[in-house]
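Peer 1: Sharing a model that was predicted from the sequence below.
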Amino acid sequence: MKKKHVIILVIAAVVILIVAAVAVEQYYRYEICNFTSKDGEEHGYHVYPNTNLDSLLTTIRQDYEMGTETSFRWHSRHAQFRTPKEGYYLFPAKMGNKQLIRRLQMGEQTPVKLTFTQQIRTRAQLAGHLGKQLLLDSVSVKSRLDSAKYMAQYGLVPETAVCLFLPNTYEVYWTITPDQLFQRMYKEYNRFWNDTRRAKAAALGLTPAEVATIASIIASETNKAAEYPTIASIYLNRLRKGIPLQACPTVIYAVGDFSMRRVLKRHLETDSPYNTYKYRGLPPGPIRLARTSIIDAVLDAPKTDYLYMCANPDFSGTHVFSSSYTQHAATARRYQRELNKRNIRS
């Protein structure tokens, strides 16, 4: 009888140990680690709408070693997890089933970095850029940018719509909708265009969009930060005096060939409101996105008597500034000779 009792106790102990071992294993796989990065690094994944769990798991396993698939499947069934929510997810080098399942099931995304640069010139380029960076459809963005009614809620028109997108890097969710994105950028826009900056613009007799338009021309003229304030003073002086801006970057924008290196006489005849050789005042809107530092350079432009600028004939990337046309014409002739010498014809 004692022997039978001992056997029962042994069997019970073995069962308890097995159950305990299974429980510990399940706890470890669920809470601590069932996925280990093969290279010891974090890995991110874009989960598109209607992505099924099996295909996503296959993708994840290219970067992670899975402890046991059985535990993952069991925990997924227990959590009633079948379809991952779309989004961008950055996972740590080690994670348990709980973290993976919860985040994919609840849509607990990792924000992505959305960057706007001065390379964006047109509404179409802006929409295309957003379509590549985010899940949203570029066509839906473009339709909003082109809509006078839609842009009116932000105090802008289609021609000035790009003003809303200040060059910087922002954190947003990959699945952000077009309307959510516009609202987010409007908050950033108002944060930048605070009362102080708006007062400075008003003192110049300009709206924020007009200041951004001048800044966009400066951004196209030079990448030398030291020249921003002086160039800003030239355009402000010309506007006050009613002199056409005669800014070559606006002609290039009007022509639509951004590979142009030389503006020729025939280009100056392009009939477009963006051609500031043909039309006085500012063009209808910015000709590219401009850094906030350039916008500030316009707002804080120094008082000068300069009215003209010409690319430096030494091709240093700087400009020669003049207050008289005679001085300017002489510099321009030297620059034209250098262009010809270097065989730059278009």
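Peer 2: Noted; the coordinates are in hand.
Peer 1: Chain neighbours aside, what residue packs nearest to residue 85?
Peer 2: Ranked by CB to CB, 6 or more residues apart in numbering and with sequence neighbours excluded, the top spatial neighbour of residue 85 is residue 107, at 3.7 Å. C-beta: built from backbone N, CA, C; applies to glycine.
Peer 1: which parts of stretch 250-265 are buried?
Peer 2: Taking 16 or more other CB atoms under 10 Å as the basis for neighbour counts, the residues of stretch 250-265 that come out buried are 250-255, 263.
Peer 1: Kindly report the same for stretch 267-284.
Peer 2: Residues of stretch 267-284 classed as buried by neighbour count (16+ other CB under 10 Å): 267-268, 270, 272, 274-279, 282-284.
Peer 1: next one: stretch 122-141
Peer 2: When burial is assessed from 16+ other CB under 10 Å, stretch 122-141 yields the following buried residues: 122-123, 126-131, 133-136, 138, 141.
Peer 1: One more: stretch 31-44?
Peer 2: Taking 16+ other CB under 10 Å as the basis for neighbour counts, the residues of stretch 31-44 that come out buried are 33-35, 37, 43.
Peer 1: Stretch 50-61 now?
Peer 2: Judged by neighbour count (16+ other CB under 10 Å), stretch 50-61 contains these buried residues: 51, 53, 56-57, 60.
Peer 1: what do you get for stretch 313-321?
Peer 2: By neighbour count, and taking 16+ other CB under 10 Å as the criterion, the buried residues in stretch 313-321 are 313, 319-321.
Peer 1: Distance from the chain centre to stretch 68-82, please.
Peer 2: For stretch 68-82, the separation from the chain centroid amounts to 38 Å (computed by CA atoms, centre = their mean, to the nearest Å).
Peer 1: Revised request: answer the last question for stretch 167-183.
Peer 2: Computed by CA atoms, centre = their mean, the chain-centroid distance of stretch 167-183 equals 9 Å.
Peer 1: Touching that stretch from outside, list them.
Peer 2: Contacting residues not belonging to stretch 167-183 are listed as 46, 86-88, 107, 109, 111-118, 130, 134-137, 140-141, 144, 154, 164, 184-185, 188, 289-292 [CB atoms under 8 Å, 6 or more residues apart in numbering].
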